[in-house]
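A.B. asks: no sequence on this one, just coordinates:
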């Protein structure tokens with residue numbers, strides 16, 4: 001089965017790739033995906049199930065780095081009333097009327113937005129999300145990753161492997177910290193070389 005562009009625009013696909021020695025989890029949020037994801041719904045689903053079946057995490061919560069710029073990247077302050085409603089719905093003991101904007105944003109990020117990405121980071125993935133509200137919606141930003149990938153990088157046999165040299169790997173790690181990482185173009189460039 002093949003994802004059509006129409007289908008892609010309505011789906012938040014969790015896709016995975018290993019670039020050099022680094023495994024990535026990427027949430028498409030209705031955006032484009034590489035051809036290897038687009039061409040096979042079955043492979044994407046099978047890989048997602050395989051990752052989720054791994055019950056033991058490689059990293060604890062304190063070993064995960066969460067991007068400190070998420071509120072700015074997501075432009076949360078522009079729609080604070082919407083996030084007030086979300087935070088209010090998250091818990092009966094939360095009184096948003098008594099909170100300032102920063103507290104609302106902090107709770108929204110901690111309880112709603114970050115956990116799905118942190119889930120994959122605990123399994124050893126660098127986890128990215130698409131910049132829906134950014135100037136270029138085909139770019140991505142880092143949400144969470146293990147602080148020290150070290151020797152705990154797991155080989156998921158079914159991950160598509162994109163090989164790269166040391167310079168490309170350094171470039172990759174530098175680009176991760178950009179708020180507008182065009183990972184699709186990066187992958188495409190590596191596949192052509």
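C.D. replies: Cool, the structure landed. Because the structure is a prediction, the values reported are computed rather than measured.
A.B. asks: In a strand, residue 25, correct?
C.D. replies: Yes. Assessed by DSSP: H, G, I helix; E, B strand; the rest coil, residue 25 belongs to a strand.
A.B. asks: count of neighbours near it?
C.D. replies: By other Cβ atoms under 10 Å, the residues close to residue 25 number 25. Placement of C-beta: from N, CA and C, glycine included.
A.B. asks: could you point out the longest helix in the chain?
C.D. replies: For the chain, the helix with the greatest residue count under DSSP state H is helix 41-53.
A.B. asks: Could you list the residues in contact with it?
C.D. replies: Applying Cβ atoms under 8 Å, 6 or more residues apart in numbering, the contact partners of helix 41-53 are 1-3, 13-16, 25, 37, 120, 123, 125, 156, 158-159.
A.B. asks: Name the residues of it that are buried.
C.D. replies: Across helix 41-53, burial judged by 16 or more other Cβ atoms under 10 Å covers 43-44, 47, 51.
A.B. asks: helices and strands around whichever helix or strand residue 65 is part of, which ones?
C.D. replies: In this assignment (DSSP states H and E), residue 65 forms part of strand 64-66. Packing partners of strand 64-66 (3 or more Cβ pairs under 8 Å, 6 or more residues apart in numbering; DSSP states H and E): helix 114-122, strand 140-146.
A.B. asks: Give the next helix or strand downstream of that strand.
C.D. replies: Next along from strand 64-66, by DSSP H and E: helix 70-74.
A.B. asks: what about the helices in the chain?
C.D. replies: 5-8, 35-38, 41-53, 70-74, 80-90, 101-108, 114-122, 166-176, 183-192.
A.B. asks: Of these, give the one that comes closest to residue 143.
C.D. replies: Among those, the nearest to residue 143 by Cβ to Cβ is helix 114-122 (3.7 Å).
A.B. asks: neighbouring contacts of the closest one?
C.D. replies: The contact list for helix 114-122, computed with Cβ under 8 Å, 6+ apart, reads 14, 25, 27, 51, 57-61, 64-66, 70, 127-129, 143-146.
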